[in-house]
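Engineer: give me coordinates for this.
(4 chains)
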2 protein chains.
Amino acid sequence: MLIRTPADLGAVIRDRRKRLKLDQSTLAKQIGVSRQWVIDIEHGHPRAELALVLRALDALGIPLDADDQQMTSRRSARSAIDINAIVAKAKKSRT
Amino acid sequence: MLIRTPADLGAVIRDRRKRLKLDQSTLAKQIGVSRQWVIDIEHGHPRAELALVLRALDALGIPLDADDQQMTSRRSARSAIDINAIVAKAKKSRT
DNA sequence: TTCAAATGTCAGCGATCGCTGACATTACCA
DNA sequence: TGGTAATGTCAGCGATCGCTGACATTTGAA
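Structural biologist: Predicted coordinates:
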């Protein structure tokens, strides 16, 4: 599943936990966090700590893949010339 | 690339930023954070906020995929029976 | 080399983290 | 229906967030 928001992440974690038949306390122990943390994450807490999130995914056996290597930036045309970058720099130097 | 640690994440972000020929200030503005935040993230800051991280990846056009649906948990056998879950619950109820 | 841009470091600030522990609510089985 | 497990909520605490602004260092082009 594509993760774009903390809520997406929470849903993935909760689904996976249930599939593994774990309760929140047990999962919390495996990750090394409090049960409160698991509750918050599953509810889409937006300010959770990156490292804890990664540990949770690891504990649940959920690989996280970032599609680097990709040629186009968000909603840009597939061009060898980086219009976005050029415009960005132009804007910036207009001080 | 597979993301397992905050440092992995930082590397992906930095590589992508450079590929897009953006400097840290410009990227920070696009994400809506301070330049300091970009510096910290690229250095693998482990306690960064989840939502900001997701916004950064989005701004850079890096899709994040979580492999849910997968049948086996980390380092477990491929079995319909959830040994891990059973053991976990057994341990827990031994109070 | 010289100079400017890019990057990195620091300190101080208000806001929020994740934790604990207790309690409330919901789900589910006998 | 009763009772237990699972889940959710709350408050208070020390620690750390991300921000700003100034300054130091590194990088790269002329």
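Engineer: can you tell if the top helix by length along chain A touches DNA strand C?
Structural biologist: Longest helix in chain A, counting residues (DSSP state H): helix A:6-19. No. Against DNA strand C, helix A:6-19 shows no contacts by CB under 7 Å from any atom of the strand, the least distance being 10.0 Å. All C-beta atoms are positioned from the backbone trio N, CA, C, and that covers glycine.
Engineer: what's the average pLDDT for that helix?
Structural biologist: Helix A:6-19 shows a mean pLDDT of 96.
Engineer: could you check that helix against chain B for contacts?
Structural biologist: Yes. Judged by CB under 8 Å from any CB of the partner chain, helix A:6-19 comes into contact with chain B at A:6, A:9, A:12, A:15-16.
Engineer: A:Leu9 against A:Asp40, yeah?
Structural biologist: No. The pair A:Leu9 / A:Asp40 is not scored as a contact, 11.5 Å apart, by CB atoms under 8 Å.
Engineer: looking at the two, which one has more neighbours?
Structural biologist: Each of A:Leu9 and A:Asp40 has its neighbours counted (other CB atoms under 10 Å in any protein chain shown); A:Leu9 has more, 28 against 17.
Engineer: who are the contact partners of the more buried one?
Structural biologist: Counting by CB atoms under 8 Å, 6 or more residues apart in numbering or on different chains, A:Leu9 touches A:3, A:41, A:44, A:53, B:50, B:54, B:66.
Engineer: next, count neighbours for the residue lying closest to A:Ala48 once chain neighbours are set aside.
Structural biologist: Nearest residue to A:Ala48, sequence neighbours excluded (CB to CB, 6 or more residues apart in numbering or on different chains): B:Leu50, at 4.5 Å. For B:Leu50, the count of nearby residues is 22 (other CB under 10 Å).
Engineer: distance check, B:Leu50 against A:Leu57.
Structural biologist: From B:Leu50 over to A:Leu57 the distance is 12 Å, taken as CB to CB, to the nearest Å.
Engineer: now swap in A:Met1 and tell me
Structural biologist: The separation that A:Met1 has from A:Leu57, given CB to CB, amounts to 12 Å.
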